[in-house]
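> Attaching a predicted model along with its sequence, questions to come.
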Amino acid sequence: MHNIQAKIEAGETISRDEAFSLHESADLATLQQLATTVKTRFHPHDQATYLVMAIINYTNICVANCDFCAFFRFPHQAGTYLLTTAEVLERVEHFRRLGATLIAFNGGFNPQLRIDHYARLFEKLHETYQQLTFFEMTVAEFMFACKISKTSYAAGARRLRNAGTGWITGGGAEVLTDSFRQRHSRGKYAVSDYYDAQQAILAAGIGSTATMVIGFDETLDERLAHLEQLRAFQSANANALTSFLCWTYKPEHNQLGGKEISAAAYWRWLAVCRIFLDNFVHIRTSVLTQNDAALRGLDCGADDFDVPLEDEVTRSAGATIAADYRTTLDAARRLGYQPCLRSPWHRHESISIAR
Ligand code: SF4
């Protein structure tokens with residue numbers, strides 16, 4: 001442990017085995033201190049920026065059948081929906097009036113929706129709301145839309161870029177190992193395919209991010225395999241992914257069930273992520289799935305968080321969203337942080353990270 005601490009304090013990158021030992025052996029205070037050491041290479045130790053955002057779930061029709069999902073319906077099941085462009089615009093306007101500056105979209109693998117459908121929708125959004133930032137899709141939805149449209153990832157990304165798409169975020173990643181995907185999400189994608197799609201997105205000039213979800217039945221080895229491949233991808237792409245965000249699994253109303261992990265387990269993992277992912281500038285903590293407990297993630301290396309106004313996907317599985325987001329900001333203040341409202345980030349072309 002002493003050697004691992006010395007490496008981190010000297011600004012060296014730790015290995016997967018060292019991250020394993022750290023997670024298993026270090027107490028929370030040590031993890032916090034080491035994660036803060038890495039955080040301060042990028043930000044002041046007390047940095048806590050945030051933005052107000054909403055996720056619009058434009059369709060719940062999906063054919064992927066992930067066992068951890070409480071949101072989707074198969075195409076011919078009762079209770080399916082697909083929002084029209086006018087309905088999407090109405091929701092954007094609603095959240096804009098509530099103060100959102102970032103609107104994200106997340107839906108299922110809906111076989112009716114081709115790349116051209118998304119391109120027309122995104123064109124309309126950008127034409128109507130030039131002052132808002134959109135996270136137009138996730139990598140997972142992009143992959144399915146390309147497949148169903150019989151379009152390569154490169155061509156699909158160019159088509160969306162030409163329609164004004166600024167972001168295809170790394171959502172839908174959960175745990176990026178093929179063993180996890182085989183157990184829970186066979187119909188979604190293979191891991192190598194996911195990274196091929198994300199590479200095409202970056203190559204087209206569209207911004208992207210990295211995400212993860214923990215608390216299913218994944219092993220520590222699977223979690224670390226996710227981080228290791230992600231760190232290598234980030235290095236191979238000039239550190240272009242803008243941020244890393246880790247959510248926690250919500251176990252209600254789905255096939256998988258189970259128990260939610262504790263907030264303390266989340267904080268420990270977040271600290272390991274901050275230390276291990278030393279080629280990421282921003283590590284974000286998840287108010288959406290951890291509520292005010294997420295703000296303790298700021299002590300564990302995170303520098304930023306969203307205050308969400310809506311997300312039906314996580315709410316279907318048991319997440320709760322504060323009626324008044326100012327209570328979240330008050331909770332951060334009680335921990336000694338001065339939450340600072342930020343503008344949405346621009347995509348990273350390439351980041352050189354000083355050690
Ligand atoms: S997690 Fe996404 S891809 Fe999987 S079933 Fe739910 S909506 Fe479909």
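Yep, that arrived.

> List of residues touching the lowest-mean-pLDDT helix or strand in the chain?
Across the helices and strands of the chain, mean confidence by mean pLDDT, DSSP states H and E is lowest for helix 312-316: a mean of 72. Helix 312-316 is contacted from outside by 55, 57, 60, 69-71, 106, 247, 250, 252-253, 288-289, 321, using CB atoms under 8 Å, 6 or more residues apart in numbering. In this view, the C-beta of every residue, glycine as well, is placed from N, C-alpha and C.

> try stretch 326-337
46, 48, 50, 287, 291-292, 295-296, 298-299, 307, 322, 339.

> Can you pull the phi/psi pair for the residue nearest to the spatial centre of the chain?
By CA atoms, centre = their mean, the chain has its centre lying nearest to residue 211, at 3.5 Å. Note on residue 211: backbone dihedrals following degrees, to the nearest 10 are phi -140, psi 170.

> was I right about it contacting residue 176?
No - using CB atoms under 8 Å, residue 211 and residue 176 do not qualify as a contacting pair, with a distance of 9.5 Å.

> that older thread, using PyMOL, define a selection of the buried residues within the contacts of helix 312-316.
Here is the PyMOL command that picks out the buried ones among the contacts of helix 312-316, judged by 16 or more other CB atoms under 10 Å:
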select buried, resi 55+57+60+69+70+71+106+247+250+288+289+321
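
> right, and out of the contacts of helix 312-316, which lies closest to residue 353?
residue 247 (24.6 Å; CB to CB).

> so where is the protein shaky, pLDDT-wise?
Along the chain, the model assigns pLDDT under 70 to residues 317, 323, 349-350, 354-355.

> Distance from the chain centre to the longest strand seen in it, please.
Looking across the chain with DSSP state E, the single longest strand is strand 49-56. How far strand 49-56 lies from its chain's middle: 12 Å, per CA atoms, centre = their mean, to the nearest Å.

> For the helix or strand just after that strand, name the packing helices and strands.
Downstream of strand 49-56, the first helix or strand assigned by DSSP states H and E is helix 85-97. Helices and strands touching helix 85-97, by 3 or more CB pairs under 8 Å, 6 or more residues apart in numbering; DSSP states H and E, are strand 49-56, strand 102-105, helix 115-128.

> looking at the ones you listed, which is closest to residue 266?
strand 49-56 (17.8 Å).

> what angle sits between that closest one and helix 85-97?
Put simply, strand 49-56 runs at 150 degrees to helix 85-97, going by axes from the mean of the first three to the mean of the last three CA atoms, to 10 degrees.

> Show me the beta-bridge partners of the nearest residue in space to residue 288 that is not next to it in sequence.
Spatial nearest neighbour of residue 288, chain neighbours left out: residue 308 (4.7 Å); criterion: CB to CB, 6 or more residues apart in numbering. On the basis of DSSP bridges, residue 308 is bridged to residue 53.
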